[in-house]
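In: No letters, just coordinates:
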């Protein structure tokens, strides 16, 4: 398998502030990482695909100026929620795909719970 | 676009019994992967089992097995000898092969194990 960490595991912030969430691959280099959002009792919705060294690809309906993604290295991708509002409160999960594996398995981080007051 | 449907929002099973979770999907592709992921209360997504579409043989992993019906676009998960630790949300997921790495998830089935 693969070890994926996320930091912080939970965060509470005031409306209007920005929050940065980190996703790290601890045991291999990941050229592609994925960011998901999960509302309570709902499924995971892909927000964007993060590619190392290039701009992220956002899914339809996701505001790229609000959810800034930076994949600056092969082991780190960050998601910044800018000017957060209560409706941004959610569980954010990253995943990555290990290059070279034929089975295309994705490995998930433990998630970050964001609460915006 | 691919879609994944899980028609059972909740299921329950007696401990040690067998339960089957349903999943159907829609795709025009012939090469793809299907997965079942488990999300326990900790929220950590855990891969339970995977199936390559080109393989006719159903995948098995210990107490977990699938019934993959490609023509019917059906991919059910059977859990045998259910254990308390199996209680979780189960998500069926689809991944297109060759270049498109995006996982499409179903809406999930919450599985409760009755002691």
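Out: Looks like it came in fine. What you are looking at is a predicted structure, and each value in this text was computed from that prediction instead of being measured.
In: burial measure for the closest residue to residue B:82 other than its chain neighbours, as a count.
Out: Nearest residue to residue B:82, sequence neighbours excluded (CB to CB, 6 or more residues apart in numbering or on different chains): residue B:13, at 4.8 Å. Bear in mind the C-beta positions are built from the backbone N, C-alpha and C, glycine included. Counted with other CB atoms under 10 Å in any protein chain shown, residues neighbouring residue B:13 total 18.
In: Beta-bridge partners for residue B:13, please?
Out: Residues in a beta bridge with residue B:13, per DSSP bridges, are residue B:113.
In: With residue A:90 as the reference, measure out to it.
Out: From residue B:13 over to residue A:90 the distance is 30 Å, taken as CB to CB, to the nearest Å.
In: Check residue A:22 too.
Out: For residue A:22 relative to residue A:90 (CB to CB), the value is 17 Å.
In: out of those two, which sits in the busier spot?
Out: Each of residue A:22 and residue A:90 has its neighbours counted (other CB under 10 Å); residue A:90 has more, 21 against 17.
In: Next, give phi and psi for whatever residue of chain A ends up closest to chain B.
Out: Chain B sits closest to residue A:108 of chain A, with a gap of 3.8 Å, by CB to the nearest CB. Dihedral pair for residue A:108: phi -110, psi 150, per degrees, to the nearest 10.
In: May I have the residues that are in contact with residue A:58?
Out: Residue A:58 is in contact with A:47-48, A:64, A:67, counting by CB atoms under 8 Å, 6 or more residues apart in numbering or on different chains.
In: Give the bridge partners for residue B:79, please.
Out: residue B:19, residue B:64.
In: I figured residue A:26 hits residue A:3, correct?
Out: Yes: between residue A:26 and residue A:3 there is a contact under CB atoms under 8 Å: 4.1 Å.
In: Not counting sequence-adjacent ones, nearest residue to the residue of chain A closest to chain B?
Out: residue B:45 (3.8 Å).
In: Next one: the one you found from residue A:87, what distance?
Out: 24 Å.
In: of those two, who's got more company?
Out: Higher neighbour count among residue B:45 and residue A:87: residue B:45, with 27 against 8, using other CB under 10 Å.
In: Return the backbone torsion pair for the closest residue to chain A within chain B.
Out: For chain B and chain A, the shortest gap (CB to the nearest CB) falls at residue B:45, measuring 3.8 Å. Note on residue B:45: its backbone torsions stand at phi -80, psi 130 [degrees, to the nearest 10].
In: Remind me which helix or strand the residue positioned nearest the centre of chain B belongs to.
Out: Centroid-nearest residue in chain B, with CA atoms, centre = their mean: residue B:36, separated by 3.1 Å. Residue B:36 is part of strand B:32-39 when elements are defined by DSSP states H and E.
In: Next SSE downstream of that strand?
Out: strand B:46-52.
In: So for the residue of chain B closest to chain A, what's the pLDDT?
Out: You'll see residue B:45 listed with a pLDDT of 94.
In: what sits against it?
Out: A:44, A:93, A:95, A:108, B:37-39, B:91.
In: go on, residue B:40?
Out: Residue B:40 touches B:46, B:85, B:87-89, counting by CB under 8 Å, 6+ apart.
In: again, only using 10 Å
Out: B:46, B:85-89 (CB atoms under 10 Å, 6 or more residues apart in numbering or on different chains).
In: Okay, strands next: where are they in chain A?
Out: A:4-7, A:10-13, A:19-25, A:32-38, A:44-51, A:57-58, A:67-73, A:76-81, A:90-97, A:106-108, A:112-116 (DSSP state E).
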